[in-house]
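J.: Quick one: sequence and predicted model below, then my questions.
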Amino acid sequence: MYAGAKAVFYSLSRSASLKRLASKYGMRSRDSFARRFIAGETVEEAVETSRHVQAAGLHITLDYLGESVRTAEEADAATRAYVRLLDVIVTAGIERNISLKLTQLGASIDRATCVDNLRRILDPAGRHGFFVRIDMENSPWTQMTLDIFETLWQQEYRNVGVALQSALYRTERDVQRMNELGARVRLVKGAYKEPQSVAYQQKPDVDAAFLRLARMLLDSGTYPAIATHDPVMIQGARAYAAERGFGKDRFEFQMLYGIRRDLQAELSSEGHAVRLYIPFGREWFPYFMRRLGERPANLGFVMRGILREK
């Protein structure tokens, strides 16, 4: 059921006709169905949402949605959009933390171009005190993502971290390597449909790996981010940190905008650092469908929203 639901929603995320329908209704008004999970299509909307989140005592990461550009010109446009995003964030005075995907910057076109584009973002980000998280995409991109990350790390870029997925068999050795480097890791379960040859297919196996990797990061990592909405995973990380005597300033929890607000408030009230990913941009539909794949119960909410908009 776990892998099956993800597979269905992954397929739907690639449907051009469904994307057109969702784009027509998803962002039509302030209470449109997609706005439960997406801050908006513009950076100005994302900044406004971020202000509200920070006012509630939570941290933010702005996530400009987009992936798999097809031309060098598109990669250049995405890079320039990120540089502009840095300027907007500085002017707005909100927290200086962003995420990106390497296929936005041309990884599928040419690795050297992607590295150059990433430098074009990291250089001004470093000057202005930003932290940049490289998000992890599906498994064909895992090795290249980590290779590019380590290339920049060896060039003394330290304002950058990476995400790793507990669903993949390989992630234990990747966590070990990142811990050796002293790099900051964001641990997630993984939202992509992956083959059995590279990834666990059953939720209990993914969960067990997540807790095992979270302990490795808490023991030896550099300010790890435990990114999950699963209360069992959260309690497991909290219990382990307490058992080992780790202070709450040693790590943070991360969640996605619009999901499990009750848990966000609970953890924050207990003194834990809680960071929300604030997704925005016109290319929101694939992200949105992957979120539904993680929690299919949200589909009823979405369908009610579409019918209401019509």
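T.: Perfect, I can see it now. These numbers come from a predicted model, not from an experiment.
J.: residue ranges of the strands in the chain, please?
T.: Taking DSSP state E, the strands of the chain run over residues 59-64, 97-100, 131-134, 160-165, 185-188, 225-227, 252-256, 274-280.
J.: what would the ones you listed look like in CSV with mean neighbour count?
T.: (Each C-beta comes from the backbone N, C-alpha and C, glycine too.) Rendered in CSV, the data for these read as follows (neighbours: other CB atoms under 10 Å):
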stretch, mean neighbour count
strand 59-64, 23
strand 97-100, 22
strand 131-134, 21
strand 160-165, 23
strand 185-188, 25
strand 225-227, 23
strand 252-256, 22
strand 274-280, 24
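J.: Could you dump those strands into CSV with mean pLDDT added?
T.: Rendered in CSV, the data for those read as follows (pLDDT from 0 to 100):
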stretch, mean pLDDT
strand 59-64, 96
strand 97-100, 98
strand 131-134, 98
strand 160-165, 98
strand 185-188, 98
strand 225-227, 98
strand 252-256, 97
strand 274-280, 96
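J.: Would you mind saying which of these lies nearest W153?
T.: In terms of CB to CB, the element of the strands of the chain nearest to W153 is strand 160-165, at 7.2 Å.
J.: what's that closest one packed up against?
T.: In terms of contacts (3 or more CB pairs under 8 Å, 6 or more residues apart in numbering; DSSP states H and E), strand 160-165 is packed against strand 131-134, helix 142-154, helix 171-181, strand 185-188.
J.: which one of these is the most hemmed in?
T.: With neighbours defined as mean count of other CB atoms under 10 Å, the helices and strands packed on strand 160-165 peak in mean count at strand 185-188, which reaches a mean of 25.
J.: Run me through the strand neighbours of that strand, direction for each.
T.: Strands flanking strand 185-188 in the sheet, each with its direction: strand 160-165 (parallel), strand 225-227 (parallel) (DSSP bridges).
J.: What is the distance between it and the centre of its chain?
T.: Taking CA atoms, centre = their mean, to the nearest Å, one finds the center of strand 185-188 at 9 Å from the center of the full chain.
J.: Show me the contact partners of that strand.
T.: 133, 135-136, 161-166, 175, 178-179, 210, 213-214, 217, 221-222, 224-228, 254 (CB atoms under 8 Å, 6 or more residues apart in numbering).
J.: same thing with stretch 104-124?
T.: Applying CB under 8 Å, 6+ apart, the set of residues contacting stretch 104-124 is 64, 66-72, 74-76, 78-79, 82-83, 86, 100, 102, 132, 134, 141, 144-145, 148, 151-152, 157, 159-160.
J.: Could you state which residue of the chain sits nearest its centroid?
T.: Averaging the C-alpha coordinates of the chain gives a centre point, and the residue nearest to it by CA atoms, centre = their mean is D135 (5.6 Å).
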